[in-house]
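# whatever this is, show me its structure:
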Amino acid sequence: MSQRSRSRTVPVCALLLAPLAAAAAGCGGPSSDPLAAKPYDASGQIAFGGVEEGRKVDPDKPLEVTAKGSRITDVTATDAAGRYVRGELRPDGSRWRSTTPLAAGAHYTVRVSTENHNGRPGRRTIGFDTAPTDGKLRVTFGPDSGTYGVGQPVTAELSEAVRDASARAVVERALKVQSTPAVQGAWHWVNNRTLHYRPREYWPAHAAIDVRSALEGVKVGGGLYGGSSKPLKLRTGERIEAVTDAATHQMTVRRDGKELRRIPITTGKPGFDTRNGVKVVLAREAFVRMRGTSIGIPAGSSDSYDLPVYWATRVTWSGEYVHAAPWSVGSQGYANVSHGCTGMSTANAKWFFDTIHVGDLVRVVGSGGETMTPFDNGFGDWNLTWNEWQEGSALAQTRPDGSGPADAARLRPEV
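Numbering: from 1, shown residues only. Here you go, the predicted model:
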């Protein structure tokens, strides 16, 4: 799927003079953000065209989101591989409509942000499945073919849920990943329809990665057989890693182990601490409109804001960015004053934006925040140890006698 327009309103992070904070599960972490509980449940005001409970959505029809009694401020629709569905929002916020087709046999998550007539923010999130083309089990690999950073996981989205452990083992054996240079890696079941693949360590720089499915015609179980799937070819670029030290208020950017630049920064202040751990760059957005009402800051309050933000590098779906923050230059290198994002001068943010790529690594240390979760807010896959990662493989789940896959209850449930 294509990415959505880069110029849009999103719930994002905040800094001291003009805070740009994350969405409900955003920059401050799920339990530390006092704003997280404020947006009301907008279920009664939001309708999804063509989406009916218990029925699979026709992928040939556009997805429509409409609002009554409020206006839509942002819609983020992604498949299980994290790919955006491009769409258009009416100027009055009454309707959002997808402009690119949905994939068949895919699972989508749609997050809608709204404002009522008093400016109070609302939220609604739904998930739905699109109908497969012929009832066979098909695999959609992600991301799209291209060149990525060494932290980019490979994703596999199944057109049907696979719950039985033996069937999962059949599927996993048929999903082939080969890289040159060769690396040790494994699949991890995120839920009943989604798998991620990563090496034990990061991918080598300048590697060629070939991904394919050998499921076609294979009996998976329960009357389900594998169908054809499109292979995937990826390459990695140079190894670029940004280390954000929230304690020293400095970011160090390295390419293939060589330091390129040390940048004064500000990160999340107490109560809005930036998440620790490894994050993978999800997108580069040259311009983002950030409004405080999107994350529960009342309009007209001392913390309210409505700002154009430039050179924004996204690292979580909920709205944590590395971005230009000219309003906090006096604190950069000295104090943490944001609501969870990493702020820097406009010149440094432009340099970072031009240097970093999707799939590159941003590692945060020295923060009082929680650790980035593995799967629900971007690619936090590298925050699991190798042993923890292997526990999510159906091939690693064996009975005590070694005769086959263990009980599927040990694997992650469907979300």
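# rest of the way, CA atoms for contacts and neighbours
Will do.
# name all residues that make contact with the nearest residue to G185 once chain neighbours are set aside.
The shortest distance from G185 to any non-neighbouring residue, by CA to CA, 6 or more residues apart in numbering, is to P199 (3.7 Å). With contact set as CA atoms under 8 Å, 6 or more residues apart in numbering, P199 has these partners: V183, Q184, G185, A186.
# try 10 Å this time
Residues near P199 by CA atoms under 10 Å, 6 or more residues apart in numbering: 150-151, 153-154, 179, 182-187, 382, 386, 389.
# out of those, which end up buried?
The neighbour-count test (16 or more other CA atoms under 10 Å) marks V150, G151, P153, V154, S179, V183, G185, A186, W187, W382, W389 as buried among the contacts of P199.
# can you pull out the strands in the stretch 151-300 of the chain?
Secondary structure of the stretch 151-300 of the chain (DSSP state E, counting those that start in this stretch): strands at 154-158, 175-180, 185-189, 194-199, 208-213, 219-221, 224-225, 232-236, 240-245, 250-255, 258-264, 277-280, 283-291.
# just send these back as CSV, with mean pLDDT too.
As requested, these are exported to CSV (pLDDT from 0 to 100):
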stretch, mean pLDDT
strand 154-158, 96
strand 175-180, 97
strand 185-189, 98
strand 194-199, 98
strand 208-213, 98
strand 219-221, 88
strand 224-225, 86
strand 232-236, 98
strand 240-245, 98
strand 250-255, 98
strand 258-264, 98
strand 277-280, 98
strand 283-291, 87
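# which of the ones you listed is buried the deepest?
Greatest average neighbour count among these goes to strand 277-280 (a mean of 26), per mean count of other CA atoms under 10 Å.
# so which elements touch that one?
Judged by 3 or more CA pairs under 10 Å, 6 or more residues apart in numbering; DSSP states H and E, the packing partners of strand 277-280 are strand 240-245, strand 361-365.
# angle of the longest one against strand 258-264?
Direction vectors for strand 240-245 and strand 258-264, defined by axes from the mean of the first three to the mean of the last three CA atoms, to 10 degrees, enclose an angle of 40 degrees.
# so which elements touch strand 240-245?
strand 250-255, strand 258-264, strand 277-280, strand 361-365.
# what's in contact with the last one?
This means strand 361-365. Taking CA under 10 Å, 6+ apart as the rule, strand 361-365 contacts 149-152, 202, 239-248, 251-253, 267, 274-282, 315, 322, 342, 356, 371-372, 382-383.
# and if you look at the shortest one?
By CA under 10 Å, 6+ apart, the residues outside strand 277-280 that reach it are 149-153, 241-244, 314-316, 357-367, 369-374, 377-384.
# number of residues surrounding S302?
Residues near S302, counting by other CA atoms under 10 Å, number 11.
# coming back round to it: of all the helices and strands packed on strand 240-245, which one is nearest D58?
Relative to D58, the nearest member of the helices and strands packed on strand 240-245 by CA to CA is strand 277-280, separated by 31.8 Å.
# thought F352 was touching Y310?
No: between F352 and Y310 there is no contact under CA atoms under 10 Å: 11.6 Å.
# need the overlap of contacts for the two.
Common neighbours of F352 and Y310 (CA under 10 Å, 6+ apart) are V322, H323, A324, T346.
# in contact with the second one, which residues?
In this case it means H323. By CA under 10 Å, 6+ apart, H323 lies in contact with 13, 284-288, 309-314, 341-346, 348-350, 352-353.
# likewise N276?
Neighbour list for N276: 29, 244-246, 362-373, 383 [criterion: CA under 10 Å, 6+ apart].
# redo that, cut-off 7 Å
Counting by CA atoms under 7 Å, 6 or more residues apart in numbering, N276 touches V364, V365, S367, G369, E370, T371, M372.
# check pLDDT for those and point me to the minimum.
Of all the contacts of N276, G369 carries the smallest pLDDT score, 88.
# shouldn't it be within a strand?
No: per DSSP: H, G, I helix; E, B strand; the rest coil, G369 lies outside any strand segment and is coil.
# separation between it and M344?
Distance of G369 to M344, given as CA to CA, to the nearest Å: 19 Å.
# higher neighbour count, these two?
Neighbours were tallied for G369 and for M344 using other CA under 10 Å; the higher tally belongs to M344 (28 against 25).
# ramachandran angles for the more buried one?
Main-chain torsions, M344, degrees, to the nearest 10: phi -150, psi 170.
# from what I can see it touches W327, true?
No: with contact defined as CA atoms under 7 Å, M344 does not count as touching W327 (9.4 Å).
# quick one: G237 from Y148, how far?
According to CA to CA, G237 stands 6 Å off from Y148.
# kindly apply the preceding question to T316 instead.
Separation of T316 from Y148 (CA to CA) stands at 17 Å.
# quick check: next helix or strand after the helix or strand of the chain with the lowest mean pLDDT?
Lowest on mean pLDDT, DSSP states H and E among the helices and strands of the chain sits strand 9-10, with a mean of 46. Heading C-terminal from strand 9-10, the first helix or strand you meet, by DSSP states H and E, is strand 40-41.
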